[in-house]
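> Please work out how this folds:
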Amino acid sequence: MAKKEKKAKKGKGLWAEFKEFINKGNAFMLAVGVVIGGAFSAIVNAFVNILMSLATWAVPGGLAGLVTVLPALNDAQRGLNESLGLGGSFAKGELQTLATALANDTYGEAVVAANPNLIESVKGTITANYTLHGTTYTYNMRAVIDWGALINAVIAFIIIAIVLFIIVKVVNTVQRKNEEIKAKAQEAYYEKHPEERPVPPEPGKPAPTDVELLAEIRDLLKAQAK
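As a prediction, the model looks like this:
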């Protein structure tokens, strides 16, 4: 029974700590910040895509087409069939022609002529092994430098940094104004009640500690009680 009571008390203690953590403002604000950050990220990405679409208007495939296909270092990276044009990359408009050539090479022209659906089947095989970047298909086994993704990430970072800088600057300005207003109000109060103005410490003398202040208050209370 004693062990069960200890486990029950421990469970209640953990639940109480969890509720205290959830009810704290920091945890709630963190959750709100994560949600707002996700929504803000989507807005930034959409805005960056618009900017880059305008900036890369003349580039075939737009931002997604800014890729560099690195040379093959082994046979696995050469492509499905280099002799037919299915190497490291090929233009999007060549897909139908290359699918027909690969189907004829695999099944024979007579079989393909009798079964045109084989071309669509081969086309699916090609698209499964290649990724479309703008208007260029690149072989999945080939190393690719995606300049578009890099530019997108850099611009998104700059936009987010600028927005955060503006937000921090506005918050700091508001806090500074509030502190100035509080200081003016405090000064006006001390002008009306000069006896309550705290005495500044003497030059070279350290400010009194909390213990010393409490001791002074205690002595004053004792003196008043006599």
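
> Sketch out the low-pLDDT regions of the protein for me.
Scanning the chain with the threshold set as pLDDT under 70 gives 1-13, 18-29, 32, 56, 58-63, 199-208, 226.

> where do the helices sit along it?
Applying DSSP state H to the chain gives helices spanning 2-23, 25-55, 95-107, 109-114, 117-129, 147-192, 210-225.

> Tell me the helices and strands packed up against the fourth one.
It refers to helix 109-114. helix 95-107, helix 117-129 (3 or more Cβ pairs under 8 Å, 6 or more residues apart in numbering; DSSP states H and E). The C-beta positions use only the backbone N, C-alpha and C, and glycine is treated the same way.

> Dump the C-alpha coordinates for that helix into PDB.
Taking C-alpha atoms only, helix 109-114 is exported to PDB below (Å, rounded to 0.1, in the frame of the first residue of the first chain):
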ATOM      1  CA  GLU A 109       9.900  -1.200 -83.900                       C
ATOM      2  CA  ALA A 110       7.300  -3.800 -85.000                       C
ATOM      3  CA  VAL A 111       6.200  -4.500 -81.500                       C
ATOM      4  CA  VAL A 112       5.900  -0.900 -80.600                       C
ATOM      5  CA  ALA A 113       4.000  -0.100 -83.700                       C
ATOM      6  CA  ALA A 114       1.500  -2.900 -82.800                       C
END
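
> Residues touching stretch 74-88, excluding its own?
69, 71-72, 94, 98, 101-102, 105, 125-126, 129, 138-139, 141-143 (Cβ atoms under 8 Å, 6 or more residues apart in numbering).

> what would the helices and strands packed on helix 109-114 look like in TSV with distance to K222 and mean neighbour count?
As requested, those are exported to TSV (distance: least, Cβ to Cβ, whole Å; neighbours: other Cβ atoms under 10 Å):
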stretch	distance to K222	mean neighbour count
helix 95-107	96	18
helix 117-129	91	15
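
> now these as CSV including distance to I181?
As requested, the helices and strands packed on helix 109-114 are exported to CSV (distance: least, Cβ to Cβ, whole Å):
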stretch, distance to I181
helix 95-107, 68
helix 117-129, 65
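
> To S41, which of those lies closest?
With Cβ to Cβ, the closest approach to S41 among these belongs to helix 117-129: 30.0 Å.

> what packs against the closest one?
Against helix 117-129 (3+ Cβ pairs under 8 Å, 6+ apart) you get helix 95-107, helix 109-114, strand 136-139.

> closest to N152 out of those?
So among the helices and strands packed on helix 117-129, strand 136-139 is nearest, using Cβ to Cβ, at 17.3 Å.

> Would you mind writing the CA trace of the closest one as CSV?
Only the C-alpha atoms of strand 136-139 are listed here, as CSV (Å, rounded to 0.1, in the frame of the first residue of the first chain):
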residue,chain,number,x,y,z
THR,A,136,15.3,20.2,-68.1
TYR,A,137,15.1,16.6,-66.9
THR,A,138,18.2,15.5,-64.9
TYR,A,139,19.1,12.0,-64.0
